[in-house]
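# Model the following, please.
(2 chains)
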Amino acid sequence: MNELDKIQSSLASAVSTTMENMTFEEIEIMDEADDIQIVDSDTIWSMLPFQKPHSGELVIQISRSYGKVLAEEVVGLVDDDVSENAINDALAEIANTIAGRFMGALVPENQEFELGLPETGNGSFADQSEVAAAMPLRIGCHAMYVSIVGKDFIDLLEKA
Amino acid sequence: MIENIVIADDSSTARMIIKRCLEIAGTADANFIEAGNGEEALKIVREQPIDLIVTDLNMPVMDGRALIRHIKASPKLTQLPILVISSVGNEASREDLIEQGAFAVIGKPISPASVAVALEDIIDQDQWG
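Modelled structure (predicted):
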């Protein structure tokens, strides 16, 4: 398995396990060319930094309406209780879980790794200049865009 | 008997998920006290009797590793069981956390079943240890 395959399969496994456990939904990995509408003015994102052994970021982008669904499904909030904070918090928790599982699958079992604290924001994630791997997903009737960003990951791919 | 549980996590969503899993796993009658970081959790355990701490690792102000270090360094608190809920769940990290004093490490996403196993172990140790 080359480095790109390893990164892609680690990411797919991390997203699949996380979403199936937290939302009971199966994911479908789409082709980059598939026209799935995710990034628009109503997009929200969560970014989780990787600190060790590779530095970079995991970025998740979804629509705000899917964020509301996730807050309801993940936390069990009812409609009126779903605040902006609750949506961001639920997405950050999902990013944190996916990032941990991704690095757990990527690095050897005997090697420790460190993650930073998640950030969330509105609109499309600004810095997508160093995307090492990108994965558009369909989850039920919703879309999600997950990417691994950072020079360390690009270097990994180039060394392969 | 686990009566008072501190849940330390900077995410209110995560705290709600952890609380729900603990309730389903058999501690529905417990008193849950929430803390947004390790420093808040440490203040709570120093001020009132606590039977269990459930903590995240990555938190601002004071992270989970520092919280474990403080608790294990205190003769009064050192026996307090600490469950770590972490997305950093590979074998090397688990072993390191257990060595530092965590009772068990549960990988995210957590489930009532994984929490129940850890709770049973804590209760067994409390009875026989």
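# Does whichever helix or strand A:Ile94 is part of pack against any helices or strands, and if so which?
Here A:Ile94, judged by DSSP states H and E, is contained in helix A:84-106. Taking 3 or more Cβ pairs under 8 Å, 6 or more residues apart in numbering or on different chains; DSSP states H and E as contact, the helices and strands that helix A:84-106 lies on are helix A:3-23, strand A:43-52, strand A:56-63, helix A:64-75, strand A:114-115, strand A:119-122, helix B:12-22, strand B:104-107. For the C-beta atoms, the positions are set from N, CA and C on the backbone; glycine is no exception.
# Give me whichever of these is most buried.
Mean neighbour count (mean count of other Cβ atoms under 10 Å in any protein chain shown) peaks for strand A:56-63 among the helices and strands packed on helix A:84-106, with a mean of 23.
# Do that strand and chain B come into contact?
No - applying Cβ under 8 Å from any Cβ of the partner chain, one finds that strand A:56-63 is not in contact with chain B, the shortest distance being 10.6 Å.
# Now tell me what touches that strand from outside.
Judged by Cβ atoms under 8 Å, 6 or more residues apart in numbering or on different chains, the contacts made with strand A:56-63 from elsewhere in the structure are A:38-40, A:42-50, A:70, A:91, A:94-95, A:98-99, A:102, A:124-125, A:128, A:130, A:132, A:142-153.
# What strands line up against it, and which way round?
The partner list of strand A:56-63 in its sheet, established with DSSP bridges, is strand A:43-52 (antiparallel), strand A:142-149 (antiparallel).
# what inclination does the last one have with respect to helix A:64-75?
Orientation of strand A:142-149 against helix A:64-75 (axes from the mean of the first three to the mean of the last three Cα atoms, to 10 degrees) gives an angle of 90 degrees.
# Report the rounded mean pLDDT for strand A:142-149.
For strand A:142-149, the mean per-residue pLDDT is 91.
# in the very next helix or strand once past that strand, what's buried?
On the C-terminal side of strand A:142-149, the closest following helix or strand by DSSP H and E is helix A:151-159. Neighbour counts using 16 or more other Cβ atoms under 10 Å in any protein chain shown place A:153-154, A:156 of helix A:151-159 among the buried residues.
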